[in-house]
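Q: okay, here's the prediction I keep looking at, along with the sequence it came from:
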Amino acid sequence: MLKDSTWPIKIQVRDLNFYYGQRQAIEDLRLDIRQGEILGLMGPSKSGKTTFLRVLNRMSDLVSGARVEGSVHLDGEDILARDCNVDELRRRVGMVFAKPTPLPRSIYENLAFAPRMHGKRSKAVLDELVEFSLKAAQLWPEVKDRLHDSALKLSGGQQQRLCLARTLAMQPEVILLDEPTSGLDPISTARIEETLTELKKDFTIILVSNNTKQIARCSDKVAFLLMSRLIEYGVTPEVFMAPKDKRTDDYISGRFG
Ligand SMILES: Nc1ncnc2c1ncn2[C@@H]1O[C@H](COP(=O)(O)OP(=O)(O)OP(=O)(O)O)[C@@H](O)[C@H]1O
């Protein structure tokens, strides 16, 4: 179901500017992301997509010399505020990277490690969390009989679903995906895309992809960034069928980027 303007806003971005030293990577961004929708973020290389994701869970803080202006509210709370609890924010806003990065441990430990660090010590609770997150990432049937095998034995596509499961094990509210299928074959890509469609029932998702077809297939709304600026934002089929800006049209038709 399409989330219209009456649907609750999960993330509200206003007048967002982001600088790496002198270089501005996000300019005057204004965007609402509604609860339970998939926002596809597309744009050519260096348009600011990854920077935006990193602002949303304050991973951008880790870059020395970086500076942010404006506001980003998550459920009404300003996450750029000094007193924001960044550990809790990163639990609520989880991230999956382009390259799968399982820990060199068992499948089970990949999922139980961080929740245990956050105080979940009971085996029964961890077992349940492992099963829940593997099922949500649609990996459970393939690994349920070998949870104690090394995660490194899994295929690339399975490793990426494991990384998604690892994010889900932290019981986030928002999932950021930065080109999650860029290194995967078409079958593994399709599995991840199906999984995302299931997950949006319970989570708000922001998907960065250089693959415009993937954005068209998976997202409810789409934002097109070009040279640090938001050029177009709207309901995905409308933007793809009738883009308002010629630069969006050029991009989705493959005329540049
Ligand atoms: N850690 C950093 N230090 C300095 N500049 C950076 C850093 N990360 C990104 N940038 C610069 O910020 C701009 C936006 O980069 P960003 O990675 O956000 O774009 P992107 O749209 O995600 O690109 P890509 O599709 O290539 O990943 C680029 O000019 C990039 O060189």
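A: Received the coordinates, thanks. Residues are numbered from 1 along each chain as shown.

Q: how much space separates the residue lying closest to residue 67 once chain neighbours are set aside from residue 60?
A: Closest residue to residue 67 apart from its sequence neighbours, by C-beta to C-beta, 6 or more residues apart in numbering: residue 19 at 4.6 Å. The way it works is simple: take the backbone N, C-alpha and C, and place the C-beta from them, glycine included. The gap separating residue 19 from residue 60 is 10 Å, by C-beta to C-beta, to the nearest Å.

Q: where do the contact lists of these two overlap?
A: Shared contacts of residue 19 and residue 60 (C-beta atoms under 8 Å, 6 or more residues apart in numbering): 66, 68.

Q: mind checking which of the two has more residues around it?
A: More neighbours surround residue 60 than the other of residue 19 and residue 60, with 21 against 17 (other C-beta atoms under 10 Å).

Q: isn't there a strand covering the more buried one?
A: No. The assignment for residue 60, made by DSSP: H, G, I helix; E, B strand; the rest coil, is helix rather than a strand.

Q: distance of it relative to residue 119?
A: According to C-beta to C-beta, residue 60 and residue 119 sit 27 Å apart.

Q: ok, residue 16 - contacts?
A: By C-beta under 8 Å, 6+ apart, the contact set of residue 16 is 26, 28-30, 52, 55, 68-72.

Q: what of residue 140?
A: Counting by C-beta under 8 Å, 6+ apart, residue 140 touches 131, 134.

Q: report how many residues lie close to the single nearest residue of the stretch 151-257 of the chain relative to the ligand.
A: Using C-beta to the nearest ligand atom, the single residue of the stretch 151-257 of the chain nearest to the ligand is residue 210, 5.8 Å away. Neighbourhood size, residue 210 [other C-beta under 10 Å]: 15.

Q: contacting residues for the nearest residue to it once chain neighbours are set aside?
A: Nearest residue to residue 210, sequence neighbours excluded (C-beta to C-beta, 6+ apart): residue 179, at 6.3 Å. Counting by C-beta under 8 Å, 6+ apart, residue 179 touches 98, 208-210.

Q: residues contacting stretch 132-139, please?
A: 107, 111, 140, 143-144, 158, 161-162, 164-166, 168-169, 191, 194-195, 198-199, 202.

Q: now stretch 20-36
A: So stretch 20-36 is in contact with 3, 7-19, 39, 48, 51-52, 55, 63, 65-66, 70, 200-204, 206, 221, 223, 228-230, 233, going by C-beta under 8 Å, 6+ apart.

Q: cool, stretch 222-236 as well?
A: Looking at what lies outside stretch 222-236 - C-beta under 8 Å, 6+ apart - the contacts are 2, 24-31, 39-44, 46-49, 52, 215-216, 219-221, 239-240, 243-245, 247-248, 251.

Q: distance of the residue nearest to residue 67 relative to residue 188?
A: The spacing between residue 19 and residue 188, counted by C-beta to C-beta, is 37 Å.

Q: residue 68 pairs with what?
A: residue 18 (DSSP bridges).

Q: is it true that it touches residue 78?
A: No. Using C-beta atoms under 8 Å, residue 68 is not in contact with residue 78; the gap is 11.6 Å.
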